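Peer 1: pasting the sequence and the predicted model now:
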Amino acid sequence: MSETTLRLTQFAAGGGCACKLPAGQLESVVAGLVGQTSPDLLVGLDAGDDACAVRVHAGADGRGTAVISTADFFTPMIDSAYDWGRIAAANALSDVYAMGGRPVLAINLVGWPVDLLPNDVLTEVLRGGLDVGRQAGCPVAGGHSITAPEPISGMAVTGVADPDRLLRNDAAEAGQPISLTKPIGVGLLNNRHKATGERFEEAVETMTALNAAASQAALTAGARAATDVTGFGVLGHLHKMMRASGVTAVLDHAAVPVLPAAREALRDGFIPGGSRRNLDWVRPHLRVEDSALGEDDLVLLADAQTSGGLLVVGEIPGAPVIGETVAAREGATVIVR
């Protein structure tokens with residue numbers, strides 16, 4: 001069975017970050033596990049940030065280094081094994097960039113249906129991840145694999161950062177612009193790809209693009225709050241960041257960049273179940289102030305992304321400003337205009 005005839009997306013029920021546990025269910029599961037304390041723990045579970053961070057003491061200045069740890073893996077959202085590996089790696093590395101860090105080491109995480117898929121397909125997946133790790137200057141050294149009923153690929157990544165310049169999702173302040181560094185819509189395009197086999201190069205390009213430059217630009221601009229947009233969509237990740245920070249976001253829906261083909265996929269009904277679940281989760285905390293906005297517009301803003309861009313509280317050169325933060329408004333973490 002060659003990669004040219006193999007349709008990897010048919011071996012999994014979901015695909016990419018759209019196969020995440022629903023946000024509400026995940027928060028319920030971990031609700032009793034928060035509150036861990038340690039003098040060196042800088043970022044833990046409490047705010048639902050992109051990764052955890054601890055301070056490792058070294059040097060006479062006492063500041064030390066922030067060591068960032070994260071893991072991310074998912075089932076295939078694209079039929080190309082090599083591109084799936086690239087996307088999985090870029091997505092895992094993104095959590096470190098979203099914290100303002102630099103990835104320094106990664107290891108592979110693999111689940112493989114050994115009776116269904118040949119070894120050479122897995123080799124291509126790993127080769128894609130290795131190439132992206134090389135591009136990021138991050139060695140990919142080893143990992144862990146198990147047999148599984150569906151193919152799964154991802155990485156555990158370790159990064160380093162300045163402990164005083166971490167980008168956090170609980171550090172947003174009112175009166176700041178909000179920037180988004182990649183267009184949205186890949187969830188819709190991936191769902192269309194799974195259903196029809198159509199390949200969308202613009203989706204592959206954005207999912208394999210590293211967030212390294214965006215992270216550095218955010219730090220250079222003095223940003224303190226950021227997150228990456230993945231399975232919970234723009235609305236979901238914006239809600240989490242505003243809730244953790246105690247402020248409200250005012251979102252200009254017309255300013256949000258969208259991949260052109262995604263609007264066609266939306267019109268034709270290729271909506272991932274994860275995107276609808278995202279909107280249902282955020283809706284109680286959402287205020288829509290534009291009467292012309294329909295349900296499809298909101299679903300697009302909630303579209304489950306894979307390896308999306310950085311959502312930064314601050315203005316980033318080259319990235320569209322999609323809204324602003326304001327003082328907390330009762331009953332609404334996100335206002336859409």
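Peer 2: It's in.

Peer 1: switch to C-alpha atoms for all contacts and neighbour counts from now on
Peer 2: Will do.

Peer 1: what's the distance between the residue nearest the centre of the chain and residue 220?
Peer 2: Closest to where the C-alpha atoms of the chain average out (CA atoms, centre = their mean) is residue 230, at 2.8 Å. Residue 230 is 23 Å from residue 220, where distance means CA to CA, to the nearest Å.

Peer 1: quick check: residue 124 touching residue 81?
Peer 2: Yes - at 5.6 Å, residue 124 counts as touching residue 81 under the criterion of CA atoms under 8 Å.

Peer 1: mind listing the strands for the stretch 101-250 of the chain?
Peer 2: For the stretch 101-250 of the chain, strands defined by DSSP state E, counting those that start in this stretch occupy the ranges 102-112, 140-147, 152-161, 177-180, 225-228, 247-251.

Peer 1: helices and strands around the lowest-mean-pLDDT helix or strand in the chain, which ones?
Peer 2: Least confident helix or strand, the chain: helix 23-30 with a mean of 77, by mean pLDDT, DSSP states H and E. Here helix 23-30 touches helix 273-282, going by 3 or more CA pairs under 8 Å, 6 or more residues apart in numbering; DSSP states H and E.

Peer 1: in the helix it packs on, what's buried?
Peer 2: 273, 274, 275, 276, 277, 278, 279, 281, 282 (16 or more other CA atoms under 10 Å).

Peer 1: out of the residues you listed, the closest to residue 30 would be?
Peer 2: Lowest distance from residue 30 to these (CA to CA) belongs to residue 281, with 16.3 Å.

Peer 1: residue contacts, the closest one?
Peer 2: Residue 281 makes contact with 23, 24, 236, according to CA atoms under 8 Å, 6 or more residues apart in numbering.

Peer 1: same check on residue 334?
Peer 2: Per CA under 8 Å, 6+ apart, neighbours of residue 334: 235, 238, 239, 242, 248, 249, 250, 251, 285, 286, 287.

Peer 1: swap the cut-off to 6 Å and go again
Peer 2: Contact analysis of residue 334 by CA atoms under 6 Å, 6 or more residues apart in numbering lists 248, 249, 250, 286.

Peer 1: any idea how far it is from residue 282?
Peer 2: Separation of residue 334 from residue 282 (CA to CA): 9 Å.

Peer 1: related to what we said a few turns ago, quick check on the contacts of residue 334: which are buried?
Peer 2: Here, 16+ other CA under 10 Å leaves 248, 249, 250, 286 buried among the contacts of residue 334.
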